[in-house]
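Colleague: pasting the structure only:
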Ligand SMILES: [Zn+2]
């Protein structure tokens with residue numbers, strides 16, 4: 001079935017800088033897998049998929065995009081079996097978010113609530129966390145990747161991120177996170193029912209975190225997740241495809257925009273705003 005056309009008014013985000021707003025992409029953990037379960041382009045062989053987190057340093061706040069995996073995954077207490085048997089997880093010493101930051105973040109923005117994105121929240125008691133109401137409805141009630149402790153440790157604040165209850169940015173419902181237009185929480189459903197993206201207009205240009213709408217940069221080209229992987233991983237296939245096409249359009253059309261896929265190996269060990277540039 002053909003996809004609907006992209007909105008005619010979709011344009012690249014503005015490039016004007018927000019002084020003092022910097023972005024860093026860090027690797028909290030690795031999940032060891034094989035390319036043949038990641039892409040459908042015939043590539044094979046072992047891959048260490050980094051579990052990435054965005055750190056946004058703003059004059060008023062330190063904000064994370066996702067929380068990665070934390071010390072509870074290093075000691076084997078999270079996630080529980082059988083999720084723990086799905087992949088070979090490695091959390092190197094010093095790489096968990098709680099070990100990287102001198103003080104807890106002011107806010108965490110979740111792209112979605114899969115275990116490898118929420119795990120690090122168990123190390124951040126009382127920290128405010130945004131998710132979408134749609135993801136909270138599905139995952140917040142508890143499941144293997146969302147035990148009672150995950151519900152109780154951080155301060156969950158589900159957001160009404162859908163048409164009619166939000167602004168429009170890049171053609172999508174969006175919330176202005178810090179009230180100054182520097183940081184936007186955008187609806188990007190499909191991988192999970194209420195998946196989200198984060199646009200940061202930093203001092204060195206715009207960054208777009210798309211969570212697992214694409215795992216790797218190959219998904220932003222012509223490859224996709226293999227069909228069996230998609231069937232297991234993507235909650236809403238048609239919406240997931242539409243969201244992927246939107247991200248591909250932005251990546252191809254906006255050379256100044258850094259589009260960050262959730263597990264791209266090229267971002268390990270790190271990627272950060274260039275000071276002054
Ligand atoms: Zn995911």
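Modeller: Nice, I can see it. These figures come from a predicted structure and were not determined experimentally.
Colleague: mind showing which ranges of this structure have poor pLDDT?
Modeller: Within the chain, the stretches with pLDDT under 70 are 1-9, 86, 274-277.
Colleague: And the strands in it?
Modeller: Under the criterion DSSP state E, the chain contains strands at 22-34, 46-58, 61-65, 88-90, 107-109, 128-132, 155-159, 167-169, 172-176, 183-187, 196-202, 205-209, 258-260, 270-272.
Colleague: so what does the second one touch, helix or strand wise?
Modeller: For strand 46-58, the contact count by 3 or more C-beta pairs under 8 Å, 6 or more residues apart in numbering; DSSP states H and E identifies strand 22-34, strand 61-65, strand 196-202 as packing neighbours. For glycine as for every other residue, the C-beta is placed from the backbone atoms N, C-alpha and C.
Colleague: Please identify the buried residues of that strand?
Modeller: 47, 49, 50, 51, 52, 53, 54, 55, 56, 57, 58 (16 or more other C-beta atoms under 10 Å).
Colleague: again, but for stretch 176-192
Modeller: Those would be 177-178, 182-192, for stretch 176-192 by 16+ other C-beta under 10 Å.
Colleague: mind putting the residues you listed in CSV, distance to the ion included?
Modeller: Shown next, in CSV, are those (distance: C-beta to the ion, whole Å):
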residue, distance to the ion
177, 21
178, 25
182, 26
183, 22
184, 21
185, 17
186, 17
187, 16
188, 12
189, 13
190, 11
191, 6
192, 7
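Colleague: Can you lay out those as a markdown table showing distance to residue 65?
Modeller: Formatted as a markdown table, these follow (distance: C-beta to C-beta, whole Å):
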| residue | distance to residue 65 |
| --- | --- |
| 177 | 10 |
| 178 | 13 |
| 182 | 13 |
| 183 | 10 |
| 184 | 12 |
| 185 | 10 |
| 186 | 12 |
| 187 | 15 |
| 188 | 12 |
| 189 | 17 |
| 190 | 18 |
| 191 | 15 |
| 192 | 15 |
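Colleague: Distance to residue 231 for the buried residues of strand 46-58 - can I get that in CSV?
Modeller: Below are these laid out as CSV (distance: C-beta to C-beta, whole Å):
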residue, distance to residue 231
47, 20
49, 19
50, 24
51, 22
52, 24
53, 27
54, 28
55, 33
56, 34
57, 39
58, 39
